[in-house]
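# Below are the sequence and a predicted model for it; my questions follow.
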Amino acid sequence: MAVIARRKEAVLSTCRITAREMLSPVRPAARFGFAMAFLALLAGCQALTGSDITESAFRPSDNPVTVDSVSRNNRLAELAKSQHPRILATYGGEYSDPKLERMVAKVVGSLTTVSANPTQTYRITILNSPNVNAFALPGGYLYVTRGLLALANDSSELAAVIAHEMGHVTANHGLQRQQKEAEEVLANKVVTDVLGESQTAKVALIRGKLRLAQFSRNQELEADAIGIKAIGQAGFDPYAAGRFLQSMAAYSDFRSISGATDPSLDFLASHPNTPQRIELAQRHARLIGPPGTGVKDRDSFLAGIDGLLFGDTPEEGYVRGNTFMHPRLGVSFSVPAGFAIDNTAAAVTATGPGDMAIRFDGVTIEPKMSLTDYLRSGWVAGLVDSSVRTETINGNEAAVAQARADGWQFDVTVIRANGQVYRLLTAAPLAGNSLDAVARSVGGSFHVLSEAEKAALKPLRIRVVTVRPGQTMGTLAAGMIGVDRKLDLFRVLNGLAPGATVSAGDKVKIVSDR
């Protein structure tokens, strides 16, 4: 969804992008230490990826002001505009849901009425990504993921996030950071030219990076202050900012244990979260009023996110426990206990004990090419030619080989199924002794989904339910579908601290496939 707004004018447009191509150039998963191992193995490959709305409180402008018109002759804004398609590609495109869009538009409209820069327009895009993130680009391009919307618990928390990003735009942080980075690049060049590779040079370069990091932290704190003031002026609960930062901390802890999602795409990767930052946010809120000041608007927010897609999309397949299933491609495989699957737009990867790793993707090859010839076609670095052999895996033609490169050993399994060739790459350090057992387990689990299996697969969604008498957090969490560590996730999604309880009549979020 994109919202373009100025003051009380709000112009909304919706569009659905087509499903991303199932085969696209590989992008190594930055989060894993084994990424370089797969780069060492792969000489080159492709990876598997799988009416205007008007809010009644706002009148569309007779002469809508768009980002395009405001950004003209603004080099940074033009650059931001050029990056918009790349951001959509990275984060799964735009997420379209009219009910959700109306709710977000209402929040944006409230914030634009108190904007410090009345001429600034904003384009708010909801990204179709399970990652929890929000960010801004110069020229008024603001982004929020559906994953973040799932984590927030009321309109004031959403307003705090959006106002924070508006603060970056208002304070020209994009321009300031570009200038600061240019200064550090020049300083680093001088250090390198004058001091070479000496220890003094290394210390100077580290100090430069720390200066840039501190500069970024200061920008975050400034955007916090601007945003909290704005939500207070707009009538929202100013304590929402600190509350959502606490939810982010809980989410970060949950994610680090569960191994879910790519942290490089998450809010905390670019928005450091510390107890000091939370305390500063609460201090800014106290300047506006005591706790209880402003509205949370929880009911309308929950109504807006009810039915929100949670986790993976049908285009990218689903992770259910230790199993990956792709209903549109019609294939599935499982990883052993102890491995955590990460389903990204680029590939499906998994990490496990002993620095072991698994990667699943797909390629297109000539129909007449044998799988053994494909293994020998030059894309596998360090191929042990004598290990190449043919197999049949659950009725599907397959070929298997081993490789060694840069301190790693690999099992490479290629399978032809449903007219497509899939690759299962398993990596382990040379000193490890579990490669063969893990690779055989994963490869042996690969199968073509039956029509009944495909029909049973449904996307997960956030559902808002009212707590009934006798229900507890434990019983509500136990009823959630398709997720692990159910009680922990229930607490995170609902912003509930340890020791908190729910009461009959409360509205809470659960995860369901209905």
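Great, that's in hand.
# Give me the neighbour count for the closest residue to residue 486 other than its chain neighbours.
In space, and not counting its chain neighbours, residue 486 is closest to residue 477: 4.2 Å by C-beta to C-beta, 6 or more residues apart in numbering. Placement of C-beta: from N, CA and C, glycine included. Neighbourhood size, residue 477 [other C-beta atoms under 10 Å]: 21.
# Can you list the helices and strands that the helix or strand hosting residue 477 packs against?
Secondary structure from DSSP states H and E places residue 477 in helix 473-478. Helix 473-478 sits against helix 486-493, strand 507-512, with contacts defined as 3 or more C-beta pairs under 8 Å, 6 or more residues apart in numbering; DSSP states H and E.
# list the buried ones in the longest one?
It refers to helix 486-493. Buried residues in helix 486-493, counted by 16 or more other C-beta atoms under 10 Å: 486, 488-493.
# quick one, domains of the protein?
2-23+56-178+215-297, 318-455, 458-512 (automatic domain parsing).
# Turn the buried residues of helix 486-493 into TSV, including pLDDT.
Putting those into TSV (pLDDT from 0 to 100) gives the following:
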residue	pLDDT
486	94
488	95
489	96
490	98
491	97
492	96
493	97
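# Go through those residues and name the one nearest residue 362.
Proximity of the buried residues of helix 486-493 to residue 362 (C-beta to C-beta) peaks at residue 489, which lies at 30.2 Å.
# What separation is there between the residue nearest to the closest one when sequence neighbours are not counted and residue 454?
The spatial neighbour of residue 489 that comes closest, neighbours along the chain excluded (C-beta to C-beta, 6+ apart), is residue 483 at 5.5 Å. Relative to residue 454, residue 483 is positioned 21 Å away (C-beta to C-beta, to the nearest Å).
# For those two, work out which one has more neighbours and name it.
residue 483 (22 against 16).
# isn't the more buried one right up against residue 511?
Yes: here residue 483 reaches residue 511: they are 5.2 Å apart, a contact under C-beta atoms under 8 Å.
# can you list residues touching both of those two?
Here residue 483 and residue 511 share the contacting residues 311, 460, 489, scored by C-beta atoms under 8 Å, 6 or more residues apart in numbering.
# on that earlier part again, okay if I get the domains of the chain as CSV plus distance to residue 307?
Formatted as CSV, the domains of the chain follow (distance: least, C-beta to C-beta, whole Å):
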stretch, distance to residue 307
domain 2-23+56-178+215-297, 7
domain 318-455, 17
domain 458-512, 5
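# if we can go back for a sec, extract the C-alpha trace of the helix holding residue 477 and format it as CSV.
Taking C-alpha atoms only, helix 473-478 is exported to CSV below (Å, rounded to 0.1, in the frame of the first residue of the first chain):
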residue,chain,number,x,y,z
MET,A,473,-2.4,-17.3,28.0
GLY,A,474,-1.4,-21.0,28.0
THR,A,475,-4.7,-22.2,26.4
LEU,A,476,-4.8,-19.4,23.9
ALA,A,477,-1.2,-20.0,22.9
ALA,A,478,-1.7,-23.7,22.6
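# Not including adjacent chain positions, what is the nearest residue to residue 387?
residue 402 (4.2 Å).
# about what we covered before: let me have the helices and strands packed on helix 473-478 in CSV, adding distance to residue 421 as columns.
Output for these, formatted as CSV (distance: least, C-beta to C-beta, whole Å):
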stretch, distance to residue 421
helix 486-493, 36
strand 507-512, 34
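# Next, the contact list for residue 401, please.
Neighbours of residue 401 in contact, by C-beta under 8 Å, 6+ apart: 375, 380, 383-384, 387-389, 411-412.
# and the gap between residue 312 and residue 255?
15 Å.
# ditto for residue 85
With C-beta to C-beta as the criterion, residue 85 and residue 255 are 28 Å apart.
# Same drill for these two, tell me which one is more crowded.
Legend: neighbour count by other C-beta under 10 Å for residue 85 and residue 255, higher for residue 255 (18 against 10).
# Now do the more buried one against residue 290, distance only.
Relative to residue 290, and taking C-beta to C-beta, residue 255 is found at 33 Å.
# Likewise for residue 450?
60 Å.
# Okay, strands next: where are they in the stretch 401-514 of the chain?
Assignment of strands within the stretch 401-514 of the chain using DSSP state E, counting those that start in this stretch yields the ranges 408-417, 420-429, 447-448, 460-466, 507-512.
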